[in-house]
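**Q** below are the sequence and a predicted model for it; my questions follow.
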Amino acid sequence: MQAESDFSRYPVLVAEDDKVSRVFLEKTLSQIGYRVTTVHNGVEAMAVIQRQFFPILVTDWMMPEMDGPELCRTIRKASLPGYVYILLLTAKDATEDIVTGLESGADDFLRKPFMQPELKARLSTGVRILNLERNLKNTLQELGTTKDMLVQSEKLAAIGQLAAGLAHEILNPTNIISMRLHLLKMTEALSSHGREAIGTCKEQLERIVHITKSLGKFSREPCKSIAPTDVNDLVFHILHLMGPQLNFEDINTSTGLSNALPLISVDREMFEEVILNIISNAFSAMAGQAYKELVIETDLPEPGQCIRIRIADNGPGIDPDSLAKVFDPYYSTKPADQGTGLGLFLSYGIIQEMGGRLWVENNEGPGASFYIELPINSAATCDIIPT
């Protein structure tokens with residue numbers, strides 16, 4: 001049995017030139033649960049349906065100006081946002097008339113005179129067809145999303161061998177720098193400020209080593225060093241770390257951090273790298289502006305499931321044609337000597353491996369927002385679809 005909501009979901013347009021029949025149809029369909037609009041002929045019906053889409057049309061065959069079959073043909077040729085289920089009403093019962101009506105584009109016939117139960121049954125069939133169409137459309141959208149994710153996964157797999165060689169090339173000079181810093185820190189004449197600066201350099205150098213070694217993840221190795229992490233604390237740490245650069249770039253920062261966030265199990269250093277990559281892109285987007293603003297917010301879109309981080313800038317936003325490409329490897333809008341086009345690509349892979357989502361949207365005002373969603377339960381994944 002169909003739910004009453006199935007009927008009310010689909011508004012019905014009735015095209016009937018006879019007033020008595022028109023009133024009867026409106027009353028009968030309203031009693032069943034449909035939302036009904038009536039017109040006097042096919043011309044009026046076509047004008048209405050082009051202004052406001054109706055998924056169900058009940059039309060008489062014999063009408064002035066434009067009859068039922070001609071209305072069916074016109075609708076089938078029109079560019080409409082969805083399928084229109086057409087029930088054709090007629091007193092005709094000859095086989096050739098039925099063939100003519102079906103060939104014109106009608107889905108079903110109802111011979112006059114008719115009773116309410118038969119009308120309800122005919123339209124119930126239409127509702128089932130429309131429900132199937134709706135489900136098919138949703139399934140195709142889900143398949144499209146899955147296809148995009150598979151394509152991105154293939155890109156991640158393709159860069160695996162490159163990542164291994166890249167890691168080796170980075171670690172060699174990094175080890176030399178680390179040893180030099182260690183020797184420099186042993187210098188007795190070094191001031192306390194200098195020792196603090198060297199300590200900061202070594203800390204960041206260790207992070208480079210950790211990130212470089214983790215490039216193996218693109219050969220499908222799992223994340224390492226998973227530990228409970230306070231996301232808000234990580235945000236404060238990053239803003240403190242980037243304080244000098246934020247001041248130098250004259251960037252205003254604002255935060256809106258939820259106090260209700262639970263700890264999540266992630267690789268803190270890799271997660272930090274993702275946020276730094278996104279902030280770095282925000283810096284580039286706002287370059288040359290008189291007023292620059294960086295916004296970082298955290299919240300719980302689905303309590304008990306995922307946490308969300310929003311990192312926004314007030315730059316010019318992202319060209320619509322580039323929105324689908326920003327996470328592609330080597331894609332960059334920066335000059336060749338200012339970016340590799342790998343930062344967001346690697347960030348996408350890191351978040352995906354953590355069971356989360358990373359996407360970008362243009363703001364309603366200036367700028368763009370990057371969103372990160374991560375599962376509270378490390379064994380789960382975030383299935384929230386971005387809107």
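**A** Looks like it came in fine.
**Q** number of nearby residues for residue 139?
**A** Neighbourhood size, residue 139 [other Cβ atoms under 10 Å]: 10. Heads up, the C-betas are built off the backbone N, CA and C, glycines and all.
**Q** could you tell me the phi and psi values at it?
**A** Main-chain dihedrals, residue 139, degrees, to the nearest 10: phi -60, psi -40.
**Q** cool, and residue 52?
**A** phi -140, psi 120.
**Q** how deep is it tucked in, by neighbour count?
**A** Counted with other Cβ under 10 Å, residue 52 comes out at 9.
**Q** burial of residue 180, as a residue count?
**A** 10.
**Q** kindly provide the whole-number mean pLDDT of the biggest strand by length in the chain.
**A** Using DSSP state E to define each element, the chain has its longest strand at strand 292-302. Per-residue pLDDT over strand 292-302 has a mean of 92.
**Q** before we move on, what about stretch 326-346?
**A** Computed over stretch 326-346, the average pLDDT equals 71.
**Q** endpoints of that stretch, how far apart?
**A** Taking Cα to Cα, to the nearest Å, stretch 326-346 runs 11 Å from one end to the other.
**Q** picking that back up, name the helices or strands packed onto the longest strand of the chain?
**A** helix 231-241, strand 251-257, strand 306-313 (3 or more Cβ pairs under 8 Å, 6 or more residues apart in numbering; DSSP states H and E).
**Q** need the ones you listed in a markdown table (columns: mean pLDDT).
**A** Formatted as a markdown table, those follow (pLDDT from 0 to 100):
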| stretch | mean pLDDT |
| --- | --- |
| helix 231-241 | 91 |
| strand 251-257 | 93 |
| strand 306-313 | 95 |
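**Q** most packed of the ones you listed?
**A** strand 306-313 (a mean of 23; mean count of other Cβ atoms under 10 Å).
**Q** how about low-confidence regions in the stretch 51-200 of the chain?
**A** 144-165, 167-169, 172, 188 (pLDDT under 70).
**Q** residue 246: neighbour count?
**A** 18.
**Q** right, and it touches residue 239 too?
**A** Yes. In this structure, residue 246 is within contact of residue 239 by Cβ atoms under 8 Å, at 7.3 Å.
**Q** now for those two: what residues contact both?
**A** In terms of Cβ atoms under 8 Å, 6 or more residues apart in numbering, residue 246 and residue 239 are both contacted by the residues residue 253.
**Q** returning to what we had before: same question for the longest strand of the chain: list its buried residues.
**A** For strand 292-302, a neighbour-count test (16 or more other Cβ atoms under 10 Å) marks 292-298 as buried.
**Q** now stretch 96-114
**A** Quick answer for stretch 96-114 (16+ other Cβ under 10 Å): 97-98, 101, 104-107, 109-110.
**Q** between the two ends of it, how far is it?
**A** 21 Å.
**Q** same question, stretch 9-24
**A** 21 Å.
**Q** how far does it sit from its chain's centre?
**A** Mean C-alpha position of stretch 9-24 versus that of the full chain (Cα atoms, centre = their mean, to the nearest Å) differs by 40 Å.
**Q** same question for stretch 45-52.
**A** For stretch 45-52 - counting by Cα atoms, centre = their mean - the centre lies 31 Å from the chain centre.
**Q** in it, what's buried?
**A** For stretch 45-52, the neighbour count (16+ other Cβ under 10 Å) marks 45-46, 48-49 as buried.
**Q** from residue 324, how far out is residue 140?
**A** Residue 140 sits 18 Å away from residue 324, going by Cβ to Cβ, to the nearest Å.
**Q** ok, now residue 85?
**A** 34 Å.
**Q** of the two, give the one with the bigger neighbour count.
**A** residue 85 (24 against 11).
**Q** next up, the contacts around the more buried one.
**A** Per Cβ under 8 Å, 6+ apart, neighbours of residue 85: 55-57, 107, 126-127, 129-130.
**Q** what pairs with it across the strands?
**A** Beta bridges link residue 85 to residue 56 when assigned by DSSP bridges.
**Q** helix, strand, or coil at residue 259?
**A** Following DSSP: H, G, I helix; E, B strand; the rest coil, the label given to residue 259 is coil.
**Q** so where do the helices sit in the stretch 101-250 of the chain?
**A** Taking DSSP state H, counting those that start in this stretch as the criterion, the stretch 101-250 of the chain carries its helices at 116-158, 160-185, 192-213, 231-241, 243-248.
**Q** buried deepest among those helices, which one?
**A** helix 231-241 (a mean of 16).
**Q** hang on, residue 374 in a helix?
**A** No. Residue 374: not assigned to a helix; according to three-state DSSP it is strand.
**Q** what sits against it?
**A** By Cβ under 8 Å, 6+ apart, residue 374 lies in contact with 264, 266, 306-307, 351, 354-356, 382.
**Q** what's the closest of the residues you listed to residue 317?
**A** Closest approach to residue 317 among the contacts of residue 374 (Cβ to Cβ): residue 351, at 21.7 Å.
**Q** my read: that closest one touches residue 345, true?
**A** No. The criterion here is Cβ under 8 Å, and residue 351 misses it with residue 345 at 11.3 Å.
**Q** measure the nearest residue to residue 357 once chain neighbours are set aside to residue 290 for me?
**A** Spatial nearest neighbour of residue 357, excluding adjacent residues (Cβ to Cβ, 6 or more residues apart in numbering): residue 373 at 4.5 Å. Remark: distance between residue 373 and residue 290 (Cβ to Cβ) = 33 Å.
**Q** ok, residue 328 next?
**A** Counting by Cβ to Cβ, the gap from residue 328 to residue 290 is 32 Å.
**Q** so the two - more neighbours on which side?
**A** residue 328 (17 against 5).
**Q** which ones are touching the residue nearest to residue 195 when sequence neighbours are not counted?
**A** Among residues not flanking residue 195 along the chain, residue 185 sits closest, at 6.2 Å (Cβ to Cβ, 6+ apart). By Cβ under 8 Å, 6+ apart, the residues touching residue 185 are 195, 198-199, 202.
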